[in-house]
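S.K.: all I have is the shape, not the residue letters:
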């Protein structure tokens with residue numbers, strides 16, 4: 001948690017943010033609510049009315065309701081939204097208890113915003129300063145995410161939710177409905193977990209609540225491909241990568257790095273597991289595209305920079321609990337480093353990849369030299385002393 005009164009900031013920086021920074025006025029947020037912006041969070045007190053001195057640009061506001069009456073004051077699932085704030089902007093929101101969410105519709109009322117701005121001096125003691133010490137870290141994680149890209153990728157509802165709001169694909173009110181869908185009846189005893197899962201209806205996200213990531217191509221080869229071409233396109237995913245870029249980032253191919261950052265932030269800060277899954281698939285597509293690596297120098301120089309900052313921010317046990325479960329990260333990066341050392345790859349990219357490999361080997365003790373014919377690359381020893389085979 002974060003103490004909003006413990007900000008140590010250079011006086012010149014503080015003066016600049018005081019004059020040019022944006023302000024989030026968040027009224028009615030219950031005491032005990034876990035609320036954060038970007039890479040910091042805190043539990044708000046009864047005097048909390050918002051956040052001031054926010055640097056203009058893209059930010060991620062996130063919050064979790066708290067049940068103060070429960071044992072330990074348990075918090076609910078995290079909800080977040082991406083905001084692009086302008087200099088001196090005031091964004092006004094009211095807490096809606098029945099929804100346990102913030103309603104920003106008041107920001108559309110210019111008279112209300114003007115009233116708040118006129119009384120900002122009286123409100124100032126109740127506003128916590130933006131945690132400036134996290135700004136550099138936040139920018140390094142999101143410098144490729146534009147306002148337009150964030151708007152396009154986040155749900156139509158505008159909310160990034162840790163747990164998806166799902167509904168049945170087909171309404172199965174009666175037993176006869178289940179029979180028509182070839183599903184077992186609910187009143188029969190389950191003989192196995194699979195049978196129990198089969199009894200559950202298929203679910204889909206409620207309209208407007210799903211993250212809108214670029215679909216990863218299911219076919220990695222062109223129509224009418226020969227068996228030899230299919231094999232080649234399965235080993236080198238450049239065709240699939242080009243298809244994704246053409247369909248989703250045709251005007252700005254480097255936006256795919258912004259999407260990689262967006263997915264990572266949704267997972268790391270928003271607690272959305274779907275973000276991790278998309279990050280994983282998109283990273284594999286980028287790292288296993290040998291021809292693209294020779295043709296898209298700037299894209300891959302950017303990828304190294306993005307990964308450098310991302311892997312520098314995850315907690316050590318992240319790799320043990322999630323990433324190293326199937327060793328996907330070390331095996332994916334091993335392919336990347338192998339392709340990056342190819343004779344047709346730009347020399348600057350080769351050198352940058354070599355330095356990045358050395359950095360990861362030193363930081364995480366990952367072995368990228370293992371023979372891929374024997375097994376997946378091995379995580380030798382992680383910083384916390386845990387060994388994963």
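M.R.: Structure received. As the structure is a computational prediction, the values presented were derived from the model and not from experiment. Numbering: from 1, shown residues only.
S.K.: next, the spatially most central residue of the chain: secondary structure please.
M.R.: The residue lying closest to the centre of the chain (Cα atoms, centre = their mean) is residue 266, at 2.3 Å. The three-state label given to residue 266 by DSSP: H, G, I helix; E, B strand; the rest coil is helix.
S.K.: for it, what are its contacts?
M.R.: 80, 160, 211, 272, 274-275 (Cβ atoms under 8 Å, 6 or more residues apart in numbering). For every residue, glycine as well, the C-beta is placed using N, CA and C.
S.K.: please apply the same query to residue 63.
M.R.: Contacts for residue 63 (Cβ under 8 Å, 6+ apart) come out as 29, 33-36, 78-80, 102.
S.K.: do residue 289 as well
M.R.: So residue 289 contacts 236-238, 240-241, 339 (Cβ under 8 Å, 6+ apart).
S.K.: repeat the analysis, applying 7 Å as the threshold.
M.R.: Each residue near residue 289 by Cβ atoms under 7 Å, 6 or more residues apart in numbering is listed here: 236-238, 241.
S.K.: just the buried residues out of those, in PyMOL syntax.
M.R.: The following PyMOL line selects those of these that are buried, judged by 16 or more other Cβ atoms under 10 Å:
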select buried, resi 236+237+238+241
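S.K.: between the contacts of residue 289, which sits nearest residue 141?
M.R.: For those, the minimum distance to residue 141 (Cβ to Cβ) is 22.7 Å, reached by residue 241.
S.K.: what residues does the stretch of helix or strand the closest one belongs to touch?
M.R.: If you go by DSSP states H and E, residue 241 is part of helix 238-248. With contacts defined as Cβ under 7 Å, 6+ apart, helix 238-248 is touched by 214, 216-217, 220-222, 233, 253, 256, 285-286, 289-292.
S.K.: so how far is that helix from its chain's centroid?
M.R.: 21 Å (Cα atoms, centre = their mean, to the nearest Å).
S.K.: quick check: ChimeraX command selecting the buried ones in the contacts of residue 63.
M.R.: Only the buried entries of the contacts of residue 63 go into this ChimeraX selection, using 16+ other Cβ under 10 Å:
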select :29,33,34,35,36,78,79,80,102
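S.K.: export the contacts of residue 63 as JSON lines, with columns for secondary structure, distance to residue 141 and pLDDT.
M.R.: Compiled in JSON lines, those are given as follows (DSSP: H, G, I helix; E, B strand; the rest coil; distance: Cβ to Cβ, whole Å; pLDDT from 0 to 100):
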{"residue": "29", "secondary structure": "coil", "distance to residue 141": "25", "pLDDT": "96"}
{"residue": "33", "secondary structure": "coil", "distance to residue 141": "24", "pLDDT": "95"}
{"residue": "34", "secondary structure": "strand", "distance to residue 141": "20", "pLDDT": "95"}
{"residue": "35", "secondary structure": "strand", "distance to residue 141": "19", "pLDDT": "97"}
{"residue": "36", "secondary structure": "strand", "distance to residue 141": "14", "pLDDT": "97"}
{"residue": "78", "secondary structure": "coil", "distance to residue 141": "17", "pLDDT": "94"}
{"residue": "79", "secondary structure": "strand", "distance to residue 141": "20", "pLDDT": "96"}
{"residue": "80", "secondary structure": "strand", "distance to residue 141": "14", "pLDDT": "96"}
{"residue": "102", "secondary structure": "strand", "distance to residue 141": "23", "pLDDT": "96"}
